[in-house]
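Engineer: what's the 3D shape of this:
(one chain, ligands or ions: 1)
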Amino acid sequence: MKFQEIKNGIFYCGLNDCDREVFDELIPLEHGTSYNSYLVKGSDKIAIIDTMYPPKTEEYLKNLDDNGITKIDYIIANHGEQDHSGSIPALLEKYPNAVVVTNAKVKDNIKEMLNVDEDRVCVMNNNDELSLGDKTLRFIIAPGVHWPDTMFTYIVEDNLLCTCDFLGAHYTFDDVFAVEGPELEHSAKRYYAEIMMPFRTMCKKYTQLVRDLKPEMVLPSHGPVYKNPDFILDLYADWSADESKNLVVLPYVSMYGSTEEMIDYIIKGLKAKGIDTLKFDIVRGDLGDLAMGLVDATTIVLGSSMVLAGPHPAAFNIAYLAGVLRPKAKFATFVGSYGWGGNLFGKLEEQLSALKLDLIEPLLVKGKAKAEDFNKLDEIVKQIYDRHKSLNLI
Ligand code: FEO
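Structural biologist: Residues are numbered from 1 along each chain as shown. Below is the predicted model:
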């Protein structure tokens, strides 16, 4: 595969992974993903920015051969996670004079995780620069989007910014430049929801940092290159904003249909009051869809059947996931059904406690909901409506 030139001696040398179906063994991928690597040819030195996911190393090295790359002076490691750092040992072996240039945290990570010899690592601090001759690389330490070791690399003379995982998308392509549209936006949001949402505050900070830098292009480490950085920056500004949308997400698991009946009743009531809803079947649904809903939702209604005196494990898992993804939701409640007893909501509340949600009175019924229970569900709808109205969402 011939490397595509991005600008003036700067080439894309990464790879698509069209067959990958799940990332982090957690979120299904709709379009596979790409592991981006960039070759920067200066007048004196050649650098490669980020490397490759280990199972793709052989193909990656072959492509470097096929494109006649016989010398690499610097391997820039923006991040220690192995989908980008995994091929560093193979590159160091292939190019015996190459040096890894990175920050202190990545150095520690690749030393411990990949057995990289520290004598072949050069550590940079924030805003340090490295000359390649007619091109200069400037390193911007950006902890928190999404690992503590993350940094960006700015190619000064060309005004290009490599943002590592930040501003990325799980997406594959033949042409490296982004085609703006709903499909790419969807993939970028799904990616944000899993990878970046837990670090929303840092996302806000670095969205502004990138805007202030005014790069001509943004080169992330997954997904396409943005010739119009405002496309992805505007999306990040929206997703990471404190303001949520007029949306209720309702993940549920229902063994005999009673819990789902209550979820459906609530949805009908919310819709009648002009509130958007996302019903999510925990057992059969795609976690990416739920995660994307959590990017915007103001309220979470979690439904669960009782299993062995506690929440259904699938509902417990969702409560845990929501707790660690740290969505901006402000309100929550629970509905559930039991056969012989137990504590259904306590453990779910515990998993969500980090979100500091304002909890609305939940509803637990034995078997199917009765007439008086539907009155209580009406009250849940009213409580959600009042809260959304108080935020001027309606
Ligand atoms: Fe794409 Fe944090 O690695």
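Engineer: got the contact list for the closest residue to the ligand within the stretch 151-300 of the chain?
Structural biologist: The ligand sits closest to D165 of the stretch 151-300 of the chain, with a gap of 4.4 Å, by Cβ to the nearest ligand atom. Backbone N, C-alpha and C define where each C-beta goes, glycine included. Contact partners of D165, counting by Cβ atoms under 8 Å, 6 or more residues apart in numbering, are 79, 81, 84, 145-146, 150, 195-196, 220-222.
Engineer: can you do 7 Å?
Structural biologist: 79, 145-146, 150, 195, 221-222 (Cβ atoms under 7 Å, 6 or more residues apart in numbering).
Engineer: Can you lay out these as a markdown table showing neighbour count?
Structural biologist: Formatted as a markdown table, the contacts of D165 follow (neighbours: other Cβ atoms under 10 Å):
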| residue | neighbour count |
| --- | --- |
| H79 | 27 |
| V145 | 24 |
| H146 | 22 |
| T150 | 27 |
| I195 | 22 |
| S221 | 26 |
| H222 | 25 |
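Engineer: If we only consider those, which is nearest to I49?
Structural biologist: Nearest to I49 out of the contacts of D165 is S221 (Cβ to Cβ; 8.7 Å).
Engineer: Let me know whether the closest one touches I49 as I believe.
Structural biologist: No - look at S221 against I49 with Cβ atoms under 7 Å: they stay out of range, at 8.7 Å.
Engineer: Next, show the common contact partners of the two.
Structural biologist: Common neighbours of S221 and I49 (Cβ under 7 Å, 6+ apart) are N78.
Engineer: check contacts around the residue of the chain found nearest the ligand.
Structural biologist: Nearest residue of the chain to the ligand (Cβ to the nearest ligand atom) works out as E81 at 3.6 Å. The neighbours of E81, taking Cβ under 7 Å, 6+ apart as the test, are W147.
Engineer: Spell out which parts of the protein neighbour the ligand.
Structural biologist: 79, 81, 83-84, 146-147, 165, 221-222 (Cβ under 6 Å from any ligand atom).
Engineer: Greatest separation within those: which pair is it?
Structural biologist: W147 and H222 (14.1 Å).
Engineer: count of residues packed around the closest residue to I75 other than its chain neighbours?
Structural biologist: Using Cβ to Cβ, 6 or more residues apart in numbering and skipping residues adjacent in sequence, the residue nearest I75 is V100, 4.8 Å away. Using other Cβ atoms under 10 Å, V100 has 26 neighbouring residues.
Engineer: so L219 touches Y38, yeah?
Structural biologist: Yes - with contacts counted by Cβ under 7 Å, L219 reaches Y38, the gap being 5.9 Å.
Engineer: residues bridging contact with those two, i.e. touching both?
Structural biologist: In contact with both L219 and Y38: C162, using Cβ under 7 Å, 6+ apart.
Engineer: For the strand or helix carrying D238, which outside residues touch it?
Structural biologist: D238 belongs to helix 229-240 when elements are defined using DSSP states H and E. Helix 229-240 has contacts (Cβ under 7 Å, 6+ apart) with 167, 178, 180, 185, 188-189, 192, 200, 203-204, 207, 210-211, 215, 217-218, 226, 295.
Engineer: try 8 Å this time
Structural biologist: 161, 167, 178, 180, 185, 188-189, 192, 196-197, 200-201, 203-204, 207, 210-211, 215, 217-218, 226, 295-296.
Engineer: Of the residues you listed, which belong to strands?
Structural biologist: 161, 217-218 (DSSP state E).
Engineer: out of the residues you listed, who's nearest S34?
Structural biologist: Proximity of these to S34 (Cβ to Cβ) peaks at V218, which lies at 14.5 Å.
Engineer: So what's the residue count around that closest one?
Structural biologist: Neighbours around V218, by other Cβ under 10 Å: 26.
Engineer: ok, now Q383?
Structural biologist: So Q383, with other Cβ under 10 Å, has 16 neighbours.
Engineer: The helix or strand hosting it packs against which elements?
Structural biologist: Per DSSP H and E: Q383 is located in helix 371-390. Counting contacts by 3 or more Cβ pairs under 8 Å, 6 or more residues apart in numbering; DSSP states H and E, helix 371-390 is packed against helix 258-272, strand 299-307, strand 331-338, strand 363-366.
Engineer: do that again at 7 Å, thanks
Structural biologist: Secondary-structure packing of helix 371-390 (3 or more Cβ pairs under 7 Å, 6 or more residues apart in numbering; DSSP states H and E): helix 258-272, strand 331-338, strand 363-366.
Engineer: residues contacting the residue nearest to the spatial centre of the chain?
Structural biologist: The centroid of the chain falls nearest to I195 when counting by Cα atoms, centre = their mean (2.3 Å). Contact partners of I195, counting by Cβ under 7 Å, 6+ apart, are 146, 165.
Engineer: circling back to that earlier point, with respect to I275, which of the residues of the chain next to the ligand is nearest?
Structural biologist: Using Cβ to Cβ, the residues of the chain next to the ligand come closest to I275 at H146, 31.4 Å.
Engineer: Could you give the secondary structure assignment for the closest one?
Structural biologist: coil (DSSP: H, G, I helix; E, B strand; the rest coil).
Engineer: contacting residues around it?
Structural biologist: 165, 195-196, 199.
Engineer: Including pLDDT, could the contacts of D165 go into JSON lines?
Structural biologist: As requested, these are arranged in JSON lines below (pLDDT from 0 to 100):
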{"residue": "H79", "pLDDT": "98"}
{"residue": "V145", "pLDDT": "96"}
{"residue": "H146", "pLDDT": "93"}
{"residue": "T150", "pLDDT": "98"}
{"residue": "I195", "pLDDT": "95"}
{"residue": "S221", "pLDDT": "98"}
{"residue": "H222", "pLDDT": "98"}
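Engineer: low-scoring pLDDT stretches of this structure, where are they?
Structural biologist: The chain contains no residues with pLDDT under 70.
Engineer: in the stretch 101-250 of the chain, which spans are helices?
Structural biologist: 104-114, 182-191, 200-213, 229-240 (DSSP state H, counting those that start in this stretch).
Engineer: what does the third one contact?
Structural biologist: In other words, helix 200-213. Contacts for helix 200-213 (Cβ under 7 Å, 6+ apart): 142, 144-145, 154, 161, 163, 166, 196, 218, 229, 233, 236-237, 240, 326, 328.
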